[in-house]
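> fold the stuff below for me.
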Amino acid sequence: PLDFYGIWVDPAGRGFGRVATPSAKDSSHVVPCTLGEQLVVRMKARSSVGWSLSWTERSTVCAVAPLRMEPPHWEASSRTSITVAWSEPVGANTGGAPVTGYRLYRALGQDGPFHRVYE
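Numbers count the residues shown, from 1 in each chain. Here you go, the predicted structure:
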């Protein structure tokens, strides 16, 4: 039976270091990181015979969903449409990763339900 998992992390290409060897009973572990930092995480399993020969490896970015956007602003309108624009979140508001898309919702009144009109 497995008794440990080894977790090694390479933050931003600075070299791998072991951050944990949790018990084999654990199925997850929190790896500290800095927002926006590129990480490579490697894992090995250990039993009473020794460590596994190969790594399981995954690259990721330390990030969360975008945090905040400025409200959209009106640019133009006609009898049948309105054009709105918005600014891309910057700095910490990106959540640490590039923004890859937007969704725009509208409501027909102040208290009306919102419906998605753009993605």
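
> output the contacting helices and strands for the worst-scoring helix or strand of the chain on mean pLDDT.
One helix or strand of the chain scores below all others by mean pLDDT, DSSP states H and E: strand 17-20, with a mean of 80. On a contact count with 3 or more C-beta pairs under 8 Å, 6 or more residues apart in numbering; DSSP states H and E, strand 17-20 meets strand 2-11. From N, CA and C alone the C-beta is placed, and that goes for glycine too.

> pLDDT wise, what is the residue of the chain most remote from its centre at?
Most distant residue from the mean C-alpha position of the chain: Arg79, 40.7 Å away (C-alpha atoms, centre = their mean). Per-residue pLDDT puts Arg79 at 93.

> buried set for the least confident helix or strand of the chain?
Under the neighbour-count criterion of 16 or more other C-beta atoms under 10 Å, strand 17-20 has Val19 buried.

> can I get that strand in PDB? Just the C-alpha atoms.
What follows is strand 17-20, C-alpha atoms only, in PDB (Å, rounded to 0.1, in the frame of the first residue of the first chain):
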ATOM      1  CA  GLY A  17      11.500  22.200  -4.000                       C
ATOM      2  CA  ARG A  18       9.500  19.700  -2.000                       C
ATOM      3  CA  VAL A  19       6.600  21.400  -0.300                       C
ATOM      4  CA  ALA A  20       4.900  18.400   1.300                       C
END
